[in-house]
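**Q** this is the structure alone, sequence omitted:
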């Protein structure tokens, strides 16, 4: 794909983006009627900061590479974006340096320095006397140099990482290859965090830093998650920094698959391992970072996963494309149940489900009476309903699904459900937009009366969406429009139905919304659209969730 | 609060909402796409940035329209309140 940029114009764009953020920041209001507008402003500002500014700053950081700028100019005077070395995963970097053994004296010096810095850190990484950033960076540069040339030395450093927590701190202070960071994480995570004799909090912080560092290489993250022992340890150990672990897991499960669709099968293997663990030792829940990372990655898994759900109970959920059984229906429900124990993860699942429903119902050429694919929405909704073991999780999921629809998050992922249609970077865009929706929901959830949920469920809300799509479809069918041309009374009725649909779409109160849907259903009974609605809603599974 | 004071309050809110809508429309974010076109940068990441911006601009535009609609409703309510107040004065007189 053609990729590049024009330095002068990028500088101007950077200034305009910054000005846009500042001006959006300055818009404020305490008027309740402006609440929706302010949420939109916040979403836009967040997108500009998280995507535009980050991408532009990456380009800006590459500017010192001026000596070869001219040689990279293409036909249109554009430099290749792949010149951004910091963002390149290992497999795209130039080949490894020629192997050389580290001189014995140098080895002793570096190990000595490593030991000395660790001793200085014993009182804490930020306590007086702790190593300075410069000391860490100097040592990290030297260690990185020899790690890339001497495998034996690299393995020795990996071995030290469980007793010397400065090792993991070095990863953030210089550019280490991903395979080395992976080995550090693997070593520190297995069997399940530290045993005895180390400062557990410092150990967790160190490992979290290593995870954060590795998150920039999605393929390496997925490779590590495929290692059952490591994935289990990260899921079981809740002392890890949830944000770092969330980045690591979503990078491995979502970004790697978006970058390379052939890795979807590997992603499902990780889901399979977590399903097995959730039915056993993780039944009571998993680490917050793992739960959030898994939940945020679901947009790439829901399309095939939902297609594999047919029966409840002991029947298998199978992804036939990869000849892989994820687990029984109950086991997969257990996995989502364990994920939902974390409120933010429940919100992320809700947003993913709401988005999935929107995407399924807005596909080009969808015929609701013949294309049964929206029954996947029904099956998945029912499974998540079974998985929700608490009213709170149910409430958050339902509210997050609605918030995701209001924020139009389906468009962030694109209308296609095929993973191959997603573009590189969509994972970050999705996480940013989803996070804002989740924050909005979880901030407000304490004020919501749980009784609002009475009689409703995540599945019945999805049913409402499907019914609304069927109604909208029914109103525009040629048979309906033809009959309306001949009958003025019917014309008036259809205009009323359209107005009611608009009112339902605009309604943010879940209870009122349900009432409006029921009213419209009653009003439509016996009219020309009724037969079509019956035909659609008689589809397999739908009557179950009404 | 009497009907006239309430009407004044509603008109003030309507003015504020219109001002807010104008501020959104005049925001540099609404014209950022002109500076970030394919002549400036191209590739999957810029494509994604442009797509999210287009979506956000659409949402902002809709938000500004909603604010104006709210403002219009407030003005209508204010007029109704003032009409009621005039009737009451007429009755009292």
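**A** Yep, it's here. Just so you know, these numbers come straight off a predicted model, no measurement behind them.
**Q** where's residue B:79 relative to residue A:25, distance?
**A** Applying C-beta to C-beta, to the nearest Å, the value for residue B:79 to residue A:25 is 35 Å. In short, each C-beta sits where N, CA and C put it, glycine included.
**Q** residues contacting residue 33?
**A** Using chain A. B:13, B:17, B:67, B:70, B:74 (C-beta atoms under 8 Å, 6 or more residues apart in numbering or on different chains).
**Q** that answer is for a different chain, and I need it for chain B
**A** With C-beta under 8 Å, 6+ apart, residue B:33 has these contacts: B:50, B:53-54, B:57.
**Q** if we go to 7 Å?
**A** B:50, B:53-54 (C-beta atoms under 7 Å, 6 or more residues apart in numbering or on different chains).
**Q** list the buried ones in whichever strand or helix holds it?
**A** Here residue B:33 sits within helix B:32-35, counting by DSSP states H and E. By neighbour count with 16 or more other C-beta atoms under 10 Å in any protein chain shown, helix B:32-35 contains the buried residues B:32, B:35.
**Q** chain B: helices as residue ranges?
**A** B:3-25, B:32-35, B:44-92 (DSSP state H).
**Q** actually the stretch 101-250 of chain A, not the one I wrote
**A** All helices of the stretch 101-250 of chain A, identified by DSSP state H, counting those that start in this stretch, fall at A:104-121, A:133-147, A:151-160, A:166-170, A:178-189, A:200-214, A:218-225, A:228-236, A:242-250.
**Q** which strands and helices sit next to the second one?
**A** Right, helix A:133-147. helix A:104-121, helix A:151-160, helix A:166-170 (3 or more C-beta pairs under 7 Å, 6 or more residues apart in numbering or on different chains; DSSP states H and E).
**Q** please identify the deepest-packed of the ones you listed.
**A** Compared across the helices and strands packed on helix A:133-147, helix A:166-170 shows the largest average neighbour count, a mean of 25 (mean count of other C-beta atoms under 10 Å in any protein chain shown).
**Q** show the average pLDDT along that helix.
**A** Average pLDDT, helix A:166-170: 92.
**Q** which residues touch that helix?
**A** Contacts of helix A:166-170 (C-beta under 7 Å, 6+ apart): A:114, A:117-118, A:121, A:136, A:139-140, A:143, A:157, A:160-161, A:184, A:188, A:206-207, A:209-210.
**Q** any idea how far chain B is from residue A:333?
**A** Applying C-beta to the nearest C-beta, to the nearest Å, the value for residue A:333 to chain B is 33 Å.
**Q** contacting residues for that residue?
**A** Taking C-beta under 7 Å, 6+ apart, one finds A:383, A:386-387 in contact with residue A:333.
**Q** how about these in JSON lines, adding distance to chain B, pLDDT and secondary structure?
**A** Below are the contacts of residue A:333 laid out as JSON lines (distance: C-beta to the nearest C-beta, whole Å; pLDDT from 0 to 100; DSSP: H, G, I helix; E, B strand; the rest coil):
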{"residue": "A:383", "distance to chain B": "30", "pLDDT": "84", "secondary structure": "helix"}
{"residue": "A:386", "distance to chain B": "34", "pLDDT": "82", "secondary structure": "helix"}
{"residue": "A:387", "distance to chain B": "31", "pLDDT": "83", "secondary structure": "helix"}
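**Q** with adjacent residues omitted, what lies nearest to residue A:37?
**A** residue B:63 (3.9 Å; C-beta to C-beta, 6 or more residues apart in numbering or on different chains).
**Q** that neighbour and residue A:35 touch, don't they?
**A** No. Residue B:63 is not in contact with residue A:35 according to C-beta atoms under 7 Å; the separation is 10.3 Å.
**Q** looking at those two, which is more packed in?
**A** More crowded of residue B:63 and residue A:35, by other C-beta atoms under 10 Å in any protein chain shown: residue B:63, with 22 against 12.
**Q** pull the number of nearby residues for residue A:535.
**A** Number of residues near residue A:535 (other C-beta under 10 Å) recorded here: 14.
**Q** packing partners of the strand or helix carrying it?
**A** Per DSSP H and E: residue A:535 is located in helix A:528-537. When contacts are defined as 3+ C-beta pairs under 7 Å, 6+ apart, helix A:528-537 packs onto helix A:458-475, helix A:478-486.
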